[in-house]
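>>> sequence-free structure coming up:
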């Protein structure tokens, strides 16, 4: 199997078990037979992450009409996710990866740089997991504007 930094379409998607904004546990295996849009984002209530979440919210019915499940993942706590979800009326689960195991398994926990300061954080990325548990698309270094709409068109 490929290492996390090499994940590519066709690879088996790494499994996970994460709590959501309401404390419910989600496992990737729970979604076997469905297409999952698994998007990793850096932080609740920040401008880019809010725009991305709201874009998925605004198109959520279209994702559901295709039979797709949308799951957001960040290292924030379930409590932070609950506030974020409530504030922006997000209709899909936000999964709390507080120990960053899923982020590491998917290769999105990376060294970043902001104003010359280096730190570890989530590289905004989206993984499409097919009904068979294999990745059908790996999209890294996502540009927020238009991302959700582009997914609906291209997949």
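Perfect, I can see it now. It should be emphasised that the depicted structure is a prediction, and the values quoted were computed from it without experimental measurement.

>>> Phi, psi for the spatially most central residue of the chain please.
Closest to where the C-alpha atoms of the chain average out (Cα atoms, centre = their mean) is residue 39, at 1.8 Å. Dihedral pair for residue 39: phi -110, psi 130, per degrees, to the nearest 10.

>>> helix or strand for the residue nearest to it when sequence neighbours are not counted, which one?
Distances taken as Cβ to Cβ, 6 or more residues apart in numbering place residue 126 nearest to residue 39, at 4.4 Å, with adjacent residues excluded. C-beta here means a position set from N, CA and C on the backbone, and glycine is covered the same way. Counting by DSSP states H and E, the element that carries residue 126 is strand 125-129.

>>> partner strands of the helix or strand bottoming out on mean pLDDT in the chain, parallel or antiparallel?
Ranking every helix and strand in the chain by mean pLDDT, DSSP states H and E puts strand 109-114 at the bottom, with a mean of 88. Looking at strand 109-114 with DSSP bridges, its partner strands are strand 117-122 (antiparallel).

>>> With residue 123 as the reference, measure out to the residue in the chain sticking out farthest from the centre.
Centroid-distance maximum for the chain: residue 116 at 26.8 Å, with Cα atoms, centre = their mean. Distance, residue 116 to residue 123, by Cβ to Cβ, to the nearest Å: 18 Å.
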